[in-house]
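Enquirer: next one to model:
(chains A and B)
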Amino acid sequence: MDFLNTHLLSLILFLPTIAALIMLFLPGAETKLLRWYALGASLIPFVLTLVLWNNFDPNTTGFQFQETYPWYEALNSSLHLGVDGISITMVLLTTLLTPLAILASFSVTDRVKPYMMLFLFLETGMLGVFMSLDLLIFFVFWEIGLVPMYFLINQWGSANKDYASLKFMIYTMGGSLGLLLAVQMLGVLFGTYDLVALYERWNSLDAGSVLLGMPVHTIKTIAFWAFTIAFAVKVPLWPFHTWLPDAHTEAPTAGSMILAGVLLKLGAYGFIRLVLPLYPLEAKIFAGALAVLAVGAIVFGAFGSFGQTDFKRLVAYSSVNHMGFVVLGIAAAGLAAGTPDAHIAMNGAVLQMFNHGLSAAGMFFLVGVIYERTHTRNLEEFGGLFPLVPIYGGILIFMSMASLGLPGLNGFVSEFMVVRGAYPVLTIYTAISMLGLLFTGAYILKGIMKVLHGPMNEHWAHGVHKLTEINTREIFVVVPLMILILVIGIYPAWILEVINKAVVALF
Amino acid sequence: MTTELLIWLIPLPPLLAFFLIVLFTNKSKALSHSIAVGAAFLSWLGAMIVFARALGVEHLGEHPFESAVNWLPTGETWLKIGVLIDPLSAAVLFFVAWTVLMIFIYSVGYHNYGQPEGDHDHAGLPPHGATVHGHTVPSIEPMYSRFFAFIGLFAFGMYTLVVSDNLLTLFVGWEIMGLCSYLLIGFWYAKPSARNAAVKAFMTTRIGDVFMLLGIAFLYSVTGTLSYREIFTEEILHTLAIVPTGVFGLSAAGLIALLLFIGTVGKSAQFPLHVWLPDAMEGPTPVSAMIHAATMVSAGVYAVIRMFPLLSLDPKTMTIVAFIGAFTAIFAATIAVAQNDIKRVLAYSTISQLGFMIAALGIGAYVAAVFHLITHAFFKALLFLGSGSVIHGMEHGVLHTGDHKVDPQDMFNMGGLRKKMPITFWTFLIGGFALSGFPLITAGFWSKDEILADAFGHGHMAVFITLAIAAFMTAFYTMRQITLTFLGEPRTKEAEHAQENKWTMTAPLVVLSFFAITYGWVGIPEHFPVLGGLVPNWFHEFVGGTLAEHPEAVEFNIVPLATSLFVALGGLFFGWLAYRNVQSPAEDKLQIGVLKNKWYFDEIYGFLFIKPAIWFSEVFVSKWMDKGFIDGILHLVGPATGGVGSAIRNYFDLPVINQFFGDGSADATWWVGKNLRPIQTGRIQQYLILSLVVLFVVGGLLYFFLLARSA
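Expert: Prediction:
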């Protein structure tokens, strides 16, 4: 037990990779075995995360369950892991969504072994970002996560997969170039990559002093934007968002679930973990600029979604819209740092990350369910499916309403907190973002109307095209999400208390 | 059980019913409706007990039942949510409980419980009838259980809204009702008209909702709380009244109230967001009664009434509210006059009557607004259910003749129904008279009279005259409706074969008509001639106690009384006179295009907002901005990078590295080799001579460098 407690984070982090390596030795033809093995392997980190959540003490400030292992001693970079109230919710989200994504992938028949292995590798990559307390390690995991996703889209995607996977890979890597340089600069300046040390030393720099031949302020501004652009591409903020609809649309269903559910959160997490603590002054100065990009994402994301005729693209654009609220909250928290407004906005932003993870994964899964049966995503070919698949229809309406931010479900709580936190400091931006909120309704209702409502669809009602109802396995994928959505909507305090304590301590 | 706990429990049974039906009992129609009606009954019972206990508390306004719990951690503090029963919510709870229970019972009959399943019915369409022994009889609704689940969730939303002690849970209930209204208006989703009406209702009200959300955020930011009783303290109200916002010269209080009021404009279908309500008549009739009379649209007015202490701080906002209300009252009345669909007349009448309440609030007539809200809920629910009963009776006729082209909702297809459907007729008459404000007997008279008296008494003459004209038109179109529907002789075969409905449908009508009469008697002004003072003006005393300062009853004046007598009786009389012999729409002189087409608002909005929004989304954002501009740049960057790459290859790698260094060094080596070839002759003598030469040269050099120089 002692070993478990002291190595909890590294176990959660590396078990998926170990499981994936063991999988190499399993027979590739036994698809059933491979699927159940992968599911079981991904459930272990989830159970360990529950242990972690249970043993986590929200009242202690700072990072808990810290572990440090030497890694690249010449550079003073070490494998330093730890979680606080913000990252632990992201760890929970990741370890929850991965088994669900794997269960959702049971219908994949093509090269099951590498497919499942990639998902397990992906999990390690994502968890690494959330657990790292070392900038270099953070960057390593940041990039590692790209590789499995690239192959998942490129090998198991749909028609336009080459274009989409390349765009995804190049765009994200291109965005990270500045991040890499800025990380190295910090390492060179302070001789360490350790985040906890950097927080202190970087911020205690005298603003008037000169570094590398430039004033500190200039250096910080450049580094701020280098970080910001990398994360803005990942979130994605307008106008860096166009990789997302392509990648989401072409990715296999489970890939989209993880992509929307967790990968987008890496960007927002970067803002929270690195940008705001390392550049509090710049975050305040450039809050307006960040808010413009966020509001752009909210408004244009909503309009973009409303303008789609492809069901999956519609849902993909909705992610742009929802993640915009996360960044609006972050911008407000940066601007109002130290005030109750900042705390509320940041609480809202972190909870919105978690909530969007649930609802977006659910929405993409439901799109996948219907795509698997009809092999089309064109909204014009649907309509009138409700009488054919009433259970699916009910679940789709539920999930859509969660995405719409209906009070009583989770999205409302976080959006309300973001709006409340941002309103006093970014009033005009918040008011404009309401236009996005209005059109969130428009695209959600468009989706429901075009898929479910209308005269019964004869094409999918009979014969070879007969649409079959959502099956038990698929219900098992979606029900945990629905329960969490409802529970957070009704009683958000259980998760918000954990977030709130960390937020108050940090911002 | 403590009253506070009971209040917490009131909204829960219908929610539980929703989950039970959706998850478990949806296959069994009997079980589903039993659960739903049972749940509505439990909530009704709880509400009645709470209401009775509230009556027993002296100065309930100052010592309401309240209880709150921590809900949302916000930094160092918590956002609390809780329940509150003060006089206002007690009065509202009373009518909500009654109307909801009646509507639940009515739905059992309306959806043809006990009838066989239809021959060709399927989910998403209204039932078409079943053949039994060669006769066509009504068939049961295919989605019967689902209906009860939805109205259960709806009732939960309304109860939540009423018992809330804060704006946040009010908003939660508000939006849940919005969802249910969407689901219920689009209940027969296979009909394109119903599907579109559902989306229209949701989107139009959502416009109001986003403003309301802003208002809530603003209020919360300024005061740090959302609980009514914490906001309505003198200190906070004073702060809100003096903080300027820089928007239209409004104070914080004025702007917040205005933002919240826009939410009400959407929810209560006030001009200019009124367009959704008439289309919402696509839903089943019990839904119309529930959403469009008794609960959801009332919730909009309730929210403004709740916020009255805030609203009344800024005269500018009050003026806006009064204007919107009065304008809506008369504007909707002009449209109602020209409608032929029995439910659409009621829909516009609802918009108009809600306008009365809003106008009353705008001129500060707090108690009158609440009074009219409650009486209206009773008689309008009655009228909607009555119209549903008429339609249901007419559908009998349609099934009998088999001519499905006859619209069972068109009043010109009716006539003479008083003999066929006596209970429906008498109860509808009561409802109609209450709506018209028929003097002394009906509840509508007392509440409407109070609004007019208040407007007159406080010198708001413009509002007074507008509302008086609107009231005249109300009586006129109501009598037109009654005349066309029930009086005279049947104009079609279908009307001849219309039938009275089962007790599940008529009993609720009777109960509601009881309230449509008697509820007026609890609010008779003290100085009213003859009747005044016989019964105490309980309503004014009770509801007025909600406010910190008890509002004074307006002094009696003969002018508004005479006006209200004249408009009610005159309107009824002229309505009868004009329509008693009208047989077809062609003879109806008021079928004016602009009124019939609702002043062309749908077309104008379509042109101004909907089409541009679709163009903006599909063309501007999706095609031009994302695909064209942003991706265009990315696609330029791609080839540009490729261009740099091939330029490097073509102008550096190939000529410099490959040709100059690579090929060049190879060439040089080859050249040297070639030129050295002549000495590789293979003759030993030459090699020996060469080595001799080398020996001498090397030896000479060695000698020179090593020995000679060192010497």
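Enquirer: return the residues in contact with the residue in the stretch 251-400 of chain B positioned nearest to chain A.
Expert: Nearest residue of the stretch 251-400 of chain B to chain A (CB to the nearest CB) works out as B:Leu259 at 9.8 Å. Backbone N, C-alpha and C define where each C-beta goes, glycine included. Residues near B:Leu259 by CB atoms under 8 Å, 6 or more residues apart in numbering or on different chains: B:211-212, B:214-215, B:218.
Enquirer: just the ones of these in helices?
Expert: Judged by DSSP state H, these include B:211-212, B:214-215, B:218 as members of helices.
Enquirer: which residues sit against the helix or strand of chain B with the lowest mean pLDDT?
Expert: Lowest by mean pLDDT, DSSP states H and E among the helices and strands of chain B is helix B:593-596, with a mean of 77. For helix B:593-596, the surrounding residues in contact (CB under 8 Å, 6+ apart) are B:334-335, B:337-339, B:600.
Enquirer: in JSON lines, list these along with neighbour count.
Expert: Shown next, in JSON lines, are these (neighbours: other CB atoms under 10 Å in any protein chain shown):
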{"residue": "B:Thr334", "neighbour count": "20"}
{"residue": "B:Ile335", "neighbour count": "25"}
{"residue": "B:Val337", "neighbour count": "20"}
{"residue": "B:Ala338", "neighbour count": "22"}
{"residue": "B:Gln339", "neighbour count": "24"}
{"residue": "B:Tyr600", "neighbour count": "12"}
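Enquirer: out of the contacts of B:Leu259, which touch chain A?
Expert: B:211, B:214, B:218 (CB under 8 Å from any CB of the partner chain).
Enquirer: so where's the chain uncertain?
Expert: Answering for chain A, as no chain was given. A:1, A:206-212 (pLDDT under 70).
Enquirer: that answer is for a different chain, and I need it for chain B
Expert: B:710-711.
Enquirer: coming back round to it: export the ones next to chain A among the contacts of B:Leu259 to TSV and tack on neighbour count?
Expert: Below are those laid out as TSV (neighbours: other CB under 10 Å):
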residue	neighbour count
B:Phe211	22
B:Leu214	25
B:Phe218	23
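Enquirer: secondary structure class for the nearest residue to A:Pro390 once chain neighbours are set aside?
Expert: The shortest distance from A:Pro390 to any non-neighbouring residue, by CB to CB, 6 or more residues apart in numbering or on different chains, is to B:Ala123 (7.0 Å). Secondary structure assignment for B:Ala123 (DSSP: H, G, I helix; E, B strand; the rest coil): coil.
Enquirer: tell me where the chain has strands.
Expert: With no chain named, the answer covers chain A. A:64-72, A:77-83, A:210-211, A:214-215 (DSSP state E).
Enquirer: let me rephrase: I mean chain B.
Expert: According to DSSP E, the strands that chain B contains are B:65-74, B:77-85, B:130-132, B:135-137.
Enquirer: return the most buried member of the ones you listed.
Expert: Most buried of these, by mean neighbour count (mean count of other CB atoms under 10 Å in any protein chain shown): strand B:77-85, with a mean of 20.
Enquirer: elements contacting that one?
Expert: Counting contacts by 3 or more CB pairs under 8 Å, 6 or more residues apart in numbering or on different chains; DSSP states H and E, strand B:77-85 is packed against helix B:3-9, strand B:65-74, helix B:144-163, helix B:167-185.
Enquirer: now the angle from the longest one to helix B:167-185?
Expert: Put simply, helix B:144-163 runs at 160 degrees to helix B:167-185, going by axes from the mean of the first three to the mean of the last three CA atoms, to 10 degrees.
Enquirer: how far away from the center of its chain is helix B:144-163?
Expert: 14 Å (CA atoms, centre = their mean, to the nearest Å).
Enquirer: about what we covered before: distance to A:Ile86 for the helices and strands packed on strand B:77-85 - can I get that in a markdown table?
Expert: Formatted as a markdown table, these follow (distance: least, CB to CB, whole Å):
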| stretch | distance to A:Ile86 |
| --- | --- |
| helix B:3-9 | 33 |
| strand B:65-74 | 14 |
| helix B:144-163 | 32 |
| helix B:167-185 | 24 |
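Enquirer: looking at these, which is nearest to A:Tyr72?
Expert: Among these, strand B:65-74 comes nearest to A:Tyr72, with 39.7 Å by CB to CB.
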